[in-house]
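Trainee: Got a sequence here, can you model it:
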Amino acid sequence: MRHRKKGNKLGRDAAHRKATLAALARALIEHKRIRTTTAKAKALRPFVEPLITRAKEDTTHNRRQVFRRLQSKESVTELFTEVGPEVAGRPGGYTRIVKLGRRSGDGAELSVIELVDYNDVKPGNTGSSSSSTRRGSGKGRREETSSEPEEAAAGA
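Mentor: Numbering: from 1, shown residues only. Predicted structure coming up:
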């Protein structure tokens, strides 16, 4: 039974999982939006949100507590100087997870995790475009390209 076993292990031992979450958190703080698997995004949210809450109040103690988890001076500085003041009025819920679909290589479920106050535009479908599909994409593209010169010749 797995009663009270909270959190996803992500197929890693404790040290590897801690390093993975720290690296993902640093990337999220730096880029404000990252694309990763849904399982990692869901595991990252409870890791990074308490750090952002601490960044609202810039004290030496809070900086040391955040550095203990991130192990990056640049990330801590950016978190306390840019992100912290930006989310100062928000009572929580600093991140948003948007599911993107499945990765073509291994079928893993992909998501975008982003800082809410920085990304107001929701990401579009980053997968295949609606005009082409995997099967029969050559035929559809040939029709599109062949019709364009005819229109240009008719207009001239």
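Trainee: what is Thr95 paired to in the beta sheet?
Mentor: Leu115 (DSSP bridges).
Trainee: For Thr60, see how far away it is.
Mentor: According to CB to CB, to the nearest Å, Thr95 stands 26 Å off from Thr60. For every residue, glycine as well, the C-beta is placed using N, CA and C.
Trainee: What of Asp117?
Mentor: 25 Å.
Trainee: Which one of these two is surrounded by more residues?
Mentor: Asp117 (16 against 7; other CB atoms under 10 Å).
Trainee: And for Thr95, the neighbour number?
Mentor: By the criterion of other CB under 10 Å, Thr95 has 18 neighbours.
Trainee: Next: Ala88.
Mentor: Ala88, neighbours per other CB under 10 Å, totals 11.
Trainee: so it, which of the three states?
Mentor: Secondary structure assignment for Ala88 (DSSP: H, G, I helix; E, B strand; the rest coil): coil.
Trainee: Now do the contacts for it.
Mentor: Going by CB atoms under 8 Å, 6 or more residues apart in numbering, Ala88 touches Lys56.
Trainee: now do Ala43
Mentor: If you count contacts by CB under 8 Å, 6+ apart, then Ala43 has 7-8, 10, 17, 21 around it.
Trainee: What is the three-state secondary structure of it?
Mentor: The assignment at Ala43 comes out as helix when based on three-state DSSP.
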